[in-house]
Each structure stands twice: as structure tokens, then as C-alpha cells.
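Engineer: Pasting the sequence and the predicted model now:
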Amino acid sequence: MPQRSRALTPLMALGDVVLVVGVFLLGYWVRHYLLADFLHSTMGLEQDFRLGLTQYLVTGTIMGLTEVLLLQAFGVYGQSYGLAHIEELAWILRSSFMAMVMTFAFTFLARQHFFSRSVLITAFPAAAVAVATWHRLCRSLARRRARSRGQATRAVIYGSGDVAAEVAAHLESRASRPYELVGFIQPSRSSETARVEALDAPGDLPGWLAANSIEELIVTDATLSREELSAVIYACEQGGVAYKLVADVFALISLTARVTQVGSTTMVESIPPPIRGFRALLKRGLDLAISMLLLILLSPVFLLISAAIVLDSGMPVFYVQTRLGRHNREFRMLKFRSMRKGADRERAGLSELNEASGPLFKMRSDPRVTRIGGLLRRWSLDELPQLFNVLSGSMSLVGPRPPLPSEVEHYKRRHLKRLETTPGMTGVWQISGRSELSFDRMIKLDIYYVDNWSVWLDLSIIMLTLPAILRRQGAY
């Protein structure tokens, strides 16, 4: 890890401890003072607690220190993540949960029988959100400060295609450590379509790297010949420049693979996809529990939206559309109707106004959308009936976007991998820009999710969905 990343770790760790202790003490005040009378009168909970603020401070400090040790053990402070803040939040949730369990054990061994367990339980998600927000702020400030002081890692990208543009966007805004992107180099014999302006490959690459003080070179062009790639790697090794090779996950290896050694030979072997067996049952259990709770809590909202649709454009209230789910099976997806009746028949006449890439169809100002429909779409309320699809098992709370059969007809073989898991109401695609994402970007995000699923990743996506809805980015 670079020295500047190490310098950031103590500050982040100290802030983590302070935040966890602060959240813990806030829970103590809410439980024993703000809501004490209310909980006693409505639920009969006892107000006479024998443990005071000092005991809670000690317990909160233990929880905070435990969480910091777990975050350090999991490499959260210095690790780079494929999905940046989404995956980091997943690891923070995991660490917070484990810290809560360990703190429970401590209170039991210390015989703190009058300790409020509700404070500890609610401190788990609250502390996770606070720590994740603090980490994101620290990394953002560190990137800005490093750039202003000329301390960011100077990097160059060897390639000029779509992957090069995508990696550049990540380095400049979402990388875990600060980068200063010097530019792009166009390989001498590349078959990629150029998407960014790039310099021609220099004849003396080691000299060029040294003259421009390059610290890291990232190869994004998967069409390089072995000779050119070997020359690039040798040039980096000559100049002491770190290098990374971007593997094309469609053409080279699946994300459900790992590097292994067979004797002295390095090989790539497949590993089972994560959503199977007990994990699949766990995911389904969470879907059932959360969807049933949301349907109960949101039933008044369902009634209000239904009434608004009827008053605005009449019946029907729901729009039923055929989508493709897991293993390419058709299912009937429910949404609140946001377009006028017969809107499907008008789509062919609007094909020239399509603003989406690939087989998708999207328009920012679709004339078929009703007044209430526009409001529902801006706040993603039209998707609430999909909770019934989650309850039936045709959808999950989190997963790839469910495609239309007409879209899948244009899929290439590599795109079909996203259909290996149950589609979701929300997913990485929704909290990453929704309709503003290109088709290829959406496919890559979905496949990354399929290959890297965990319950913590699901929980982090669910937690980030509400902020994404409030931002309304790509909601049309």
C-alpha cells in the first residue's frame, strides 16, 4: 500500500472508533431518556436500569475497537474495490455485525444483565452507515488533497477503447486511493475502436515513462499481441513502474475463476457461483421477510397511488409486462401503470427517438407517459408492485435488471450470464445511474454482481437504493 494510503488509515480508524462510540451513546440517550416514558407506557418496558453512562461508554468503546480491528483484518482501509463504495459498505456491514455479536458476548461474560440489548442491536446498522459515510468523505478529501499537492499516483492507460474510458472514469472519481491520470497510449497494433484521444505508442517506452514520472501503467487493450504486451511489461520492470493488466471478462476468464498453481504451472480454475445451496435459501428467506414487511407498511401508499392513477387516466391501475427471469424463464412483472393505454403499440413509431444503447429503449421525454406516471417514475414508485413478484419468487429484492424478451433476442452469448440468477427490483445498475448507463456497462455490473454475491452486498445495495432514488439520476 502506498505511504499516503497508510497515512490515511489512522485518521479513518480513529474516526471509526469515535463514531461507533457516539452512535452507541446516542442509542443510550434515546432508549433511557427520549423514549423511556413512551416505551414504558406502551410496551411496559422497565425504566429502572442499573447500568449508567460509564458502563455504556466502556461497552461502546469495546464495540468500536473491535470493529476497527475487524476492518483492518479484512483489509478495508487500504483495499481497492470493484464496485468502490458499494463493496466497502458490504464489508463495513459485515464488520459491524461481527462487532455487535462479540460485544453481546462481552456483556454476557461481564454479567451486565441490565444492559439494553436494543441499544446494541440498533447501533449495528447506524454505526455501519456512519462509518461508511466517514470513509467515503475521507477518501474524497484525500483524493482532492493529494491532487492539489501533486501526491496522487501518476498513471497512464495503455489502450483507448471502451474499457480504457471506463477505467479512467473510475480512477478519477471512485478509486480507493488518489490517481492523477496522465493520459492514454494507443497501442501500435490494436483492433479496438478508439473512444478517447491517445498518444501514439512511443518508440522508447521506458524513457517516456521516466520522463513523465509515471508510477503505474494500466493495460486495458485485450487485443495486444504477446510480443507487444511482453515489451510493455519489460519496459515497466526496467523503470520500476507498477503495472496492471485488465482482463476482458468475456473473452478471457469468468469472474467465477481464480488463479491457482499446478506444480510450477500457473492456471485459471473455475469456482462455483456464490448463489447456490444454503446461500440461495438465505437470499430467498431475506426476500420473503423484507417483501412481506414492506407490503404491510406500504399498503396505504399502494391505495393512494391507485386512486391517483384512476383519477388521472382511469383503469387499469397495474401494468403487466412479460419479462425474462432466471434461466430465461418468462414471468409477468407488475408495475403501476405510468403510460396511457395502448402505449406498447406506439413504441415502433418512436424508435428513431430512442436514447438508449444496445437493445434497450429509453426516452427522457416519452410522450406516452401520463402526468401521474411521470411523478411515479421520477421517484421509482411505479416499481413498488414488484414486491408481489418478489413474494412469488419470480423476482428478488436485489439482482440484475429483468430484460424484455425482445432485448434478449439481441444478446450475445456472453450476455446470457446475467440470466443465471433471479432478477431484482433494485441492483448495482439502479444505484449506479439506471437509464444513464450504457447497455454494456449495465451488463458488466450485473455479471459482477452475479459472480460476487453475498448477503452483505445485497444489504449494502438495499441501503444505497433510497439515496439513489432521492438523487433521481437516470429516472425517466
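Structural biologist: Nice, I can see it.

Engineer: after the helix or strand of the chain with the lowest mean pLDDT, next one along is what?
Structural biologist: Least confident helix or strand of the chain, by mean pLDDT, DSSP states H and E, is helix 36-43 with a mean of 61. For helix 36-43, the following helix or strand on the C-terminal side (DSSP states H and E) is helix 53-73.

Engineer: How far does that next one sit from its chain's centre?
Structural biologist: Relative to its parent chain, helix 53-73 has a centroid offset of 27 Å by C-alpha atoms, centre = their mean, to the nearest Å.

Engineer: list the helices and strands the helix or strand just after it packs on?
Structural biologist: Later in the chain than helix 53-73, the nearest helix or strand by DSSP H and E is helix 85-109. Here helix 85-109 touches helix 53-73, helix 117-148, helix 455-471, going by 3 or more C-beta pairs under 8 Å, 6 or more residues apart in numbering; DSSP states H and E. C-beta: built from backbone N, CA, C; applies to glycine.

Engineer: Kindly reformat those helices as JSON lines containing mean neighbour count.
Structural biologist: Below are those laid out as JSON lines (neighbours: other C-beta atoms under 10 Å):
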{"stretch": "helix 53-73", "mean neighbour count": "19"}
{"stretch": "helix 117-148", "mean neighbour count": "18"}
{"stretch": "helix 455-471", "mean neighbour count": "18"}
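
Engineer: With respect to those helices, which exhibits the lowest mean confidence?
Structural biologist: Confidence, taken as mean pLDDT, is least for helix 117-148 of these (a mean of 84).

Engineer: So which residues of the stretch 201-350 of the chain form strands?
Structural biologist: 216-219, 242-245, 257-262, 265-270, 318-324, 330-336 (DSSP state E, counting those that start in this stretch).

Engineer: most tightly surrounded among those?
Structural biologist: Highest mean neighbour count among the strands of the stretch 201-350 of the chain (mean count of other C-beta atoms under 10 Å): strand 216-219, with a mean of 22.

Engineer: Ala210: neighbour count?
Structural biologist: 15 (other C-beta atoms under 10 Å).

Engineer: List the residues that contact it.
Structural biologist: Residues in contact with Ala210 (C-beta atoms under 8 Å, 6 or more residues apart in numbering) are Gly239.

Engineer: For Pro272, find the nearest of the helices and strands packed on helix 85-109.
Structural biologist: helix 455-471 (16.6 Å; C-beta to C-beta).

Engineer: a markdown table please, covering the strands of the stretch 201-350 of the chain and showing mean pLDDT.
Structural biologist: Output for those, formatted as a markdown table (pLDDT from 0 to 100):
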| stretch | mean pLDDT |
| --- | --- |
| strand 216-219 | 94 |
| strand 242-245 | 91 |
| strand 257-262 | 65 |
| strand 265-270 | 68 |
| strand 318-324 | 93 |
| strand 330-336 | 95 |
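
Engineer: Distance to Leu286 added to the ones you listed, as JSON lines?
Structural biologist: Formatted as JSON lines, the strands of the stretch 201-350 of the chain follow (distance: least, C-beta to C-beta, whole Å):
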{"stretch": "strand 216-219", "distance to Leu286": "37"}
{"stretch": "strand 242-245", "distance to Leu286": "35"}
{"stretch": "strand 257-262", "distance to Leu286": "27"}
{"stretch": "strand 265-270", "distance to Leu286": "27"}
{"stretch": "strand 318-324", "distance to Leu286": "22"}
{"stretch": "strand 330-336", "distance to Leu286": "20"}
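
Engineer: closest to Ala343 out of the ones you listed?
Structural biologist: Nearest of these to Ala343, taken as C-beta to C-beta: strand 318-324 at 8.7 Å.

Engineer: Quick one: distance of that closest one to the chain centre.
Structural biologist: For strand 318-324 - counting by C-alpha atoms, centre = their mean - the centre lies 26 Å from the chain centre.

Engineer: which neighbours does it have in its sheet, and in what orientation?
Structural biologist: strand 330-336 (antiparallel) (DSSP bridges).

Engineer: quick check: domain ranges of this structure?
Structural biologist: Domain ranges of the chain: 3-148, 153-246, 278-344+354-471, per automatic domain parsing.

Engineer: would you turn these into a markdown table with distance to Pro272?
Structural biologist: As requested, the domains of the chain are exported to a markdown table (distance: least, C-beta to C-beta, whole Å):
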| stretch | distance to Pro272 |
| --- | --- |
| domain 3-148 | 19 |
| domain 153-246 | 25 |
| domain 278-344+354-471 | 10 |
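
Engineer: Thr265 is nearest to which of the ones you listed?
Structural biologist: domain 153-246 (17.3 Å).

Engineer: now the end-to-end length of the closest one.
Structural biologist: 18 Å (C-alpha to C-alpha, to the nearest Å).
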